[in-house]
Every structure is written in structure tokens, then in C-alpha cells.
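>>> got a predicted structure plus its sequence, pasted below:
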Amino acid sequence: MEISLKNQVAIITGSSSGIGAAIAKSMAESGASVVINYPSENSKDKAAVILKEIIDSGGTGMLCQCDVSKEEEVINMFKEVTANYGTVDILVNNAGIQVDSPFTEMTMSAWNAVIGVNLTGQFLCAREAIKEFLKRGINPSRSVACGKIIHISSVHEIIPWAGHANYASSKGAIRMLMQTLAQEYGADRIRVNSICPGAIQTPINKNAWETKQELDSLLKLIPYNRIGQPQDIGNLAVFLASDLADYITGASIFIDGGMTTFESFSTGG
Ligand code: BGC
């Protein structure tokens, strides 16, 4: 049984680092042409390093700058990618940020920034992707599905998170966005799912693993007793985008070392 994304084009938003970069590398390894999206000039160099690594290991891809919270930029990204590769088969809605603060101190700009990237960004990219999927139709030499969308959500889709109201709200909303799209476009053979990572070792949660003390306290929340690695998510994303997962749609798949079993209840309650 071979997992292949051969002949397919995948846009991975926010893939200049962390989980997005790992997904892009894994998809490229499985044969997809990957679009390394980054939000601004500041992250261009990092994105170029990821693309170089992909090309050096025999993959193909392109860079594309786009702030996913901006409608014009998202429309242009899809124009640029379809002009270059003809179409898009897979969208990984990965770009996400945290701007944390106690709730009563949360500013409008902290709220809007997180909702803008994490939720509006996923809406805009999904809308452009579905338009393109429907325009192209099913092409069995690429995939038995017309298109695949993977939303990168979080365990905080269901675990409330004090001090992170904007982030947790954005992730809770992604669940309804994902399920609604799966329902609305199922008959068109468009599969829409979410991956819900737990604590994965990336720059976004550096403060949770940087020192031994912080890591020990994090591990108390993880029955499997290790922090996740970006590659763990890359592996799942490739499977979920492939035809091996053709009957999976409308699902939130938790990949968290058991974090959603609420470990603190093992000795309490
Ligand atoms: C957050 C991380 C956090 C993890 C588990 C993720 O969605 O981005 O900062 O470590 O959830 O709480």
C-alpha cells in the first residue's frame, strides 16, 4: 500500500516554519508539488530555506507571499498558483498565530489579529480552493476526490484555554467551518477535515518546552509523555490528503499524545 500524492498540487499556508514546513516537506516527499506560503517579506528567507531543502531532496515547489487574512492577497495567491501549476488539489489551512493575554486586557487588535489569520484566513483560502476544485472537476489520474482541504485546528477546538480566549475561539469556530464545508460539498467529492494537534515542539509554544521545568510541567498534560514533533503532523496530513483516506470527511482528528483524555483526571475528579 503506497501513499502517493503524485501529480497533485498542494498549497500549505504558513509553511515557512513549524508544522506547516513539516507538512510541506512530507507532501513533497510523497510526490506533490508544494506551495510554500509565507505572510510577509520578513519570513521570505525562512520560506526559501524550506523550498531549497525540498528541491535538494528531489521535490518540487514554489514560494508564494500572501497574508491569508487579506482577501485580495488570497485571491492573488490562487491566481499565481493556478497560473504556474494549472490547478490546486490540496489546501492545508495551516497559518495560525497566538496573541495571548488575560481576557480583561485583551485588545481589539489582539482579538482581530488572531481571528483574522486563524479563522478568516481559513475561510478565504477554503473559498478560493473550493471554487478551483469545482471548476476543474474530478481527474482520476490525480485523485479519486475532486479536492481535499485540511484545516489545522488544535486540541483547543474542544479544550478551553484561560488566557487565550481569541485563540480558543478561533479553533472552536474552525470545527463548524470544516463540518459545514464537508456537508455542503460532500456530493461534489470534496473532502474537508481538521487535524487537531496538541503540544507540538515549534516556535509558537517555545515557552512551554524551552526549559526542563516548563517541559516537565507540559508533560504532565500528555499521557504519552513526550512532546509532539512537526513530523508527526506531516505524516497524518499526507495520509489524510491521500486516496487511502477517501472515506474520511467532516472529521476532527486529534493528534496529541492523549492530551484530550484530560490527564489531570487520572488522579482527581
Ligand atoms: C497551541 C500551543 C499549545 C498546544 C497545547 C496549540 O494549539 O498553539 O501553543 O502548546 O495547543 O496546549
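Yep, that arrived. Residues are numbered from 1 along each chain as shown.

>>> name the helices or strands packed onto the helix or strand containing residue 192?
Assigned by DSSP states H and E, residue 192 falls within strand 190-197. On a contact count with 3 or more C-beta pairs under 8 Å, 6 or more residues apart in numbering; DSSP states H and E, strand 190-197 meets helix 121-136, strand 147-152, helix 165-185, helix 230-241, strand 252-255. Placement of C-beta: from N, CA and C, glycine included.

>>> quick one: stretch 168-185 near the ligand?
No: between stretch 168-185 and the ligand, judged by C-beta under 6 Å from any ligand atom, nothing touches; the nearest distance is 6.8 Å.

>>> what does stretch 197-205 give?
Yes: contact check for stretch 197-205 against the ligand, using C-beta under 6 Å from any ligand atom: residues in range are 198, 199, 204, 205.

>>> next up, the contacts around the closest residue to the last one other than its chain neighbours.
Distances taken as C-beta to C-beta, 6 or more residues apart in numbering put residue 199 closest to residue 205, at 6.1 Å, once the chain neighbours are dropped. For residue 199, the contact set (C-beta atoms under 8 Å, 6 or more residues apart in numbering) comprises 205, 208, 209, 218, 221, 222, 227, 228, 256, 257, 259.

>>> now swap in residue 191 and tell me
By C-beta under 8 Å, 6+ apart, residue 191 lies in contact with 145, 147, 148, 149, 182, 245, 246, 248, 249.

>>> my guess is residue 260 meets residue 157, correct?
No: the criterion here is C-beta atoms under 8 Å, and residue 260 misses it with residue 157 at 9.4 Å.

>>> list residues touching both of the two?
When contacts are counted by C-beta under 8 Å, 6+ apart, the set common to residue 260 and residue 157 consists of residue 196.

>>> out of these two, which sits in the busier spot?
The neighbour comparison of residue 260 against residue 157 (other C-beta atoms under 10 Å) goes to residue 157, with 21 against 16.

>>> and the more buried one, what pLDDT?
Looking at residue 157, its pLDDT stands at 98.

>>> identify the residue spatially nearest to it, adjacent ones excluded.
Excluding the flanking residues, the one nearest residue 157 by C-beta to C-beta, 6+ apart is residue 171, at 4.5 Å.

>>> surely the one you found is in contact with residue 153?
Yes: with contacts counted by C-beta under 8 Å, residue 171 reaches residue 153, the gap being 5.1 Å.

>>> which neighbours do these two share?
Both residue 171 and residue 153 are contacted by residue 196, under the criterion C-beta under 8 Å, 6+ apart.

>>> identify the residues contacting stretch 241-254?
Looking at what lies outside stretch 241-254 - C-beta under 8 Å, 6+ apart - the contacts are 1, 3-5, 8, 10, 27, 30, 32, 90, 92, 143-145, 148, 150, 153, 155, 157, 175, 178-179, 182-183, 186, 191-196, 198, 236, 239-240, 260.

>>> and the residues you listed, which are buried?
3, 5, 8, 10, 27, 30, 32, 90, 92, 143, 145, 148, 150, 153, 155, 157, 175, 178-179, 182, 191-196, 198, 236, 240, 260 (16 or more other C-beta atoms under 10 Å).

>>> excluding its backbone neighbours, what's nearest residue 75?
Excluding the flanking residues, the one nearest residue 75 by C-beta to C-beta, 6+ apart is residue 128, at 6.3 Å.

>>> for stretch 129-140, buried residues please.
Buried residues in stretch 129-140, counting neighbours by 16+ other C-beta under 10 Å, are found at 129, 130, 132, 133, 136.

>>> now it: average pLDDT?
The predicted model assigns stretch 129-140 a mean pLDDT of 98.

>>> cool, and stretch 171-185?
Mean predicted confidence for stretch 171-185 is 98.

>>> for the closest residue to residue 258 other than its chain neighbours, what are its contacts?
Once flanking residues are discounted, residue 258 sits nearest to residue 223: 3.5 Å by C-beta to C-beta, 6+ apart. Applying C-beta under 8 Å, 6+ apart to residue 223 gives the contacts 257, 258, 259, 261, 263, 266.

>>> and for residue 164?
Residues near residue 164 by C-beta under 8 Å, 6+ apart: 98, 100, 156.

>>> with residue 102 instead?
Taking C-beta under 8 Å, 6+ apart, one finds residue 163 in contact with residue 102.
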